[in-house]
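1. After the sequence you'll find the predicted model.
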Amino acid sequence: MELTLKIIEEWGNFPPFSVISSLFALFLLHQLNFLITMKIDRMFDS
C-alpha cells in the first residue's frame, strides 16, 4: 500500500499523470471500501 502511495506521489509531479493517479487512487479507495463493506455484511450474516 505504501508503495502505491509512493508511486502516486511520484506521478503527481508530472501534470499529465496527476489526473490518472488521482483517478487510480479513487478507484483503489472504492475497491477497499467495497471489500470492507462485504466483510462487515458477512460478519452480521453469521
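-> Nice, I can see it.
2. any chance you could map the helices in the chain?
-> Using DSSP state H, the helices of the chain run over 2-12, 15-45.
3. Spatially nearest residue to the residue positioned nearest the centre of the chain (excluding sequence neighbours)?
-> In the chain, the residue lying closest to the centroid (C-alpha atoms, centre = their mean) is L28, at 2.0 Å. Nearest residue to L28, sequence neighbours excluded (C-beta to C-beta, 6 or more residues apart in numbering): T4, at 6.8 Å. C-beta here means a position set from N, CA and C on the backbone, and glycine is covered the same way.
4. For that neighbour, grab the count of nearby residues.
-> Per other C-beta atoms under 10 Å, the neighbour tally for T4 reads 12.
5. how close does it get to I40?
-> Noted for T4: a distance of 23 Å to I40, by C-beta to C-beta, to the nearest Å.
6. cool, and S21?
-> Counting by C-beta to C-beta, the gap from S21 to I40 is 29 Å.
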